[in-house]
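**Student:** Structure for the following, please:
(one chain, ligands or ions: 1)
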Amino acid sequence: MAAEFLSPASRPGPVTGETPVIGLGREREVLTVALQAARHVVLEGPPGTGKSTLLRAIARDLGQAVVFVEGNAELTPARLIGQYDPAQVLTEGSAIRGVAIGGDGGGLRCRSVIICSGGFAGNRDMVLEQAPRLRSLPRLLSGGSPHAVGAGHRLLAAAGAAFTCLDHIWVYPNGTPDPCDPRGERGLGIRGLAGEIWLNADGRRFHDEGLNGGRSGTAALLAQPGQTCWCVFGETQLESLLLIDNEYFGTPAGPHPEAMARFWAESRYAWRAEGPEQLAAAAGLPPDAVRASVDEFNAAIRAGLDRDLQTGRDLRGLAPLEGPLAAIQYFPMAQKNFGGVRTDLDCRVLDESGEVISGLFAAGEVAGMAGGCINGRSALEGTMFGPCLYSGRVAGIAAAAVVGALR
Ligand SMILES: Cc1cc2nc3c(=O)[nH]c(=O)nc-3n(C[C@H](O)[C@H](O)[C@H](O)COP(=O)(O)OP(=O)(O)OC[C@H]3O[C@@H](n4cnc5c(N)ncnc54)[C@H](O)[C@@H]3O)c2cc1C
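**Tutor:** As a prediction, the model looks like this:
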């Protein structure tokens, strides 16, 4: 990852005429205005979509320098952008009057405040406090955004808001410790694999690995000795492997090759070897059982079975596990919060007696995606992101209406 800044330093003076950039007209306009108004702008997008080209063109036109900053584990985009951690919501009587920052009376004065700070799956202490059932796990990793630590929940609680279903936490089976975290609490989610097998501490398969979500995948993992397993896959899969939940390793747009190399070098929970026995020896698994599990899986594929007889896994399109292999040890990882602050249909925050806290709104995961808890205890892909977006829109419209009404 990399970030570029337009710097007012060393101005050689503007050039005449606009440096041509194909498309991005709206972005050019916004950036030019922001620069003239001395405001900050974050331009996000997949690699190769013209962000740097646009910045260099604008810099050239304005005679400004561009400073290029290369990100790393310590300087992720989230750290670059920074944290804004209001100490409390300010009230006057029963009405919201802004947010306070620090203890020096500083802050923002406004008539409506929308809290949209996400969940708290990244705060292991808070997860264990809210979901006592997870305390018995030998190891539970924190996933989701590193900033999903419940800052908004704290703010809302101090303002007298009511919460519901905070123990409804979606735990995934495919987390592995993030080598960037010296405490060993943060997890990386493993995505992008096909044809992998999961082995328990006895070297045996135990589940249809195609069902790797928070419902049956996690239940199967938690039924294994030590509530852990080893995901084994062919090295041919390395290119498609994605590590999520730490921007340093990449985003869904693609992985970072150097960061990936660091993962394999530094993780104590990831191994690569010439074959099943060597891999088992490196990972501390019984070699004979691992060899037998791999052979059985391969034999089913070679026999042309649609489904394997042991777990019912759909084998169509899968390749046998041949050649050099890799393994990553999995632990349960908290990743999404299904419960949150209670709101009405306008996303207005409610207090314990069901009364609206005037001027205070909440949207997205901090509000259990919308309203407090619309997913219950389970979810499908899309039943979280969609309502987060929608409730954000509803909250924005309602908050704007408050300001208009008060004028
Ligand atoms: C790995 C992963 C995969 C997912 N996949 C799916 C999926 O396939 N389908 C689906 O429907 N849902 C999915 N979800 C869930 C869905 O993406 C989230 O529920 C949704 O994006 C939450 O949106 P939000 O705006 O409420 O919170 P977020 O997207 O978490 O945004 C909150 C923002 O607030 C910022 N923030 C928090 N505290 C502070 C602070 N103190 N100062 C400044 N900024 C702060 C955070 O940095 C963040 O940018 C996934 C979630 C994760 C983590």
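**Student:** if I pick the one residue in the stretch 1-150 of the chain that gets nearest to the ligand, what's in contact with it?
**Tutor:** Sorted by distance to the ligand under Cβ to the nearest ligand atom, the residues of the stretch 1-150 of the chain start with Gly118, at 2.6 Å. Placement of C-beta: from N, CA and C, glycine included. Gly118 sits next to 144-145, 147-148, 152, 364-366 when contact means Cβ atoms under 8 Å, 6 or more residues apart in numbering.
**Student:** Also Gly45?
**Tutor:** Shown in contact with Gly45 (Cβ under 8 Å, 6+ apart): Lys51.
**Student:** what's the single longest helix in the protein?
**Tutor:** Using DSSP state H, we find that the single longest helix of the chain is helix 385-406.
**Student:** Buried ones in it, by neighbour count?
**Tutor:** By neighbour count with 16 or more other Cβ atoms under 10 Å, helix 385-406 contains the buried residues 387-388, 391-392, 394-396, 398-399, 402.
**Student:** so can I have CSV of those residues showing pLDDT and distance to Pro287?
**Tutor:** Below are the buried residues of helix 385-406 laid out as CSV (pLDDT from 0 to 100; distance: Cβ to Cβ, whole Å):
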residue, pLDDT, distance to Pro287
Pro387, 96, 48
Cys388, 97, 46
Ser391, 98, 52
Gly392, 97, 52
Val394, 97, 57
Ala395, 97, 56
Gly396, 95, 58
Ala398, 95, 62
Ala399, 94, 61
Val402, 86, 66
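**Student:** would you turn these into a markdown table with distance to His256?
**Tutor:** Rendered in a markdown table, the data for those read as follows (distance: Cβ to Cβ, whole Å):
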| residue | distance to His256 |
| --- | --- |
| Pro387 | 31 |
| Cys388 | 26 |
| Ser391 | 32 |
| Gly392 | 29 |
| Val394 | 36 |
| Ala395 | 34 |
| Gly396 | 33 |
| Ala398 | 40 |
| Ala399 | 37 |
| Val402 | 43 |
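**Student:** if we look at the ligand, which of the residues you listed are close to it?
**Tutor:** For the ligand, the contacts drawn from those by Cβ under 6 Å from any ligand atom are Cys388.
**Student:** Nearest to Gly71 among the buried residues of helix 385-406?
**Tutor:** Using Cβ to Cβ, Cys388 is the member of those that sits closest to Gly71, with 25.8 Å.
**Student:** So that closest one is in contact with Gly368, correct?
**Tutor:** No. Contact criterion Cβ atoms under 8 Å: Cys388 and Gly368 do not qualify, at 9.9 Å.
**Student:** So Phe331 lies in a strand, does it not?
**Tutor:** Yes. If the criterion is DSSP: H, G, I helix; E, B strand; the rest coil, then Phe331 is within a strand.
**Student:** confidence score at it?
**Tutor:** Phe331 carries a pLDDT score of 98 in this model.
**Student:** what's the burial count for it?
**Tutor:** By other Cβ atoms under 10 Å, the residues close to Phe331 number 22.
**Student:** Return the set of residues that bridge with it.
**Tutor:** Gly175 (DSSP bridges).
**Student:** Which residues of the stretch 251-400 of the chain lie near the ligand?
**Tutor:** Near the ligand, the residues belonging to the stretch 251-400 of the chain are 335-336, 364-365, 381-386, 388 when assessed by Cβ under 6 Å from any ligand atom.
**Student:** Most neighbours among these, which one is it?
**Tutor:** Ranked by the number of neighbours (other Cβ under 10 Å), these place Glu365 first, at 28 neighbours.
**Student:** Asn337 is in contact with that one, correct?
**Tutor:** Yes. Using Cβ under 8 Å, Glu365 is in contact with Asn337, at 5.6 Å.
**Student:** Name the residues contacting each of these two.
**Tutor:** Shared contacts of Glu365 and Asn337, defined by Cβ under 8 Å, 6+ apart, comprise 119, 148.
**Student:** Tell me where the model's unsure across this protein.
**Tutor:** For the chain, residues meeting the criterion pLDDT under 70 lie at 1-16, 73, 83-84, 102-105, 405-407.
**Student:** what do you get if the cut-off is 50, keeping everything else the same?
**Tutor:** Along the chain, the model assigns pLDDT under 50 to residues 1-2, 8-13, 406-407.
**Student:** Which residue does it have closest to the ligand?
**Tutor:** Proximity of the chain to the ligand (Cβ to the nearest ligand atom) peaks at Gly364, 2.2 Å away.
**Student:** Count the residues that sit near Leu54.
**Tutor:** Using other Cβ under 10 Å, the number of residues around Leu54 comes to 20.
**Student:** That one is in what secondary structure piece?
**Tutor:** Assigned by DSSP states H and E, Leu54 belongs to helix 51-62.
**Student:** Show the secondary-structure elements that that helix is packed against.
**Tutor:** If contacts are counted by 3 or more Cβ pairs under 8 Å, 6 or more residues apart in numbering; DSSP states H and E, helix 51-62 sits against strand 2-7, helix 25-36, strand 65-70.
**Student:** Tell me how far it lies from the chain's centre.
**Tutor:** Mean-position distance between helix 51-62 and its chain equals 31 Å (Cα atoms, centre = their mean, to the nearest Å).
**Student:** Same question for stretch 100-118: list its buried residues.
**Tutor:** Residues of stretch 100-118 classed as buried: 100, 107, 110-118 (neighbour count, 16+ other Cβ under 10 Å).
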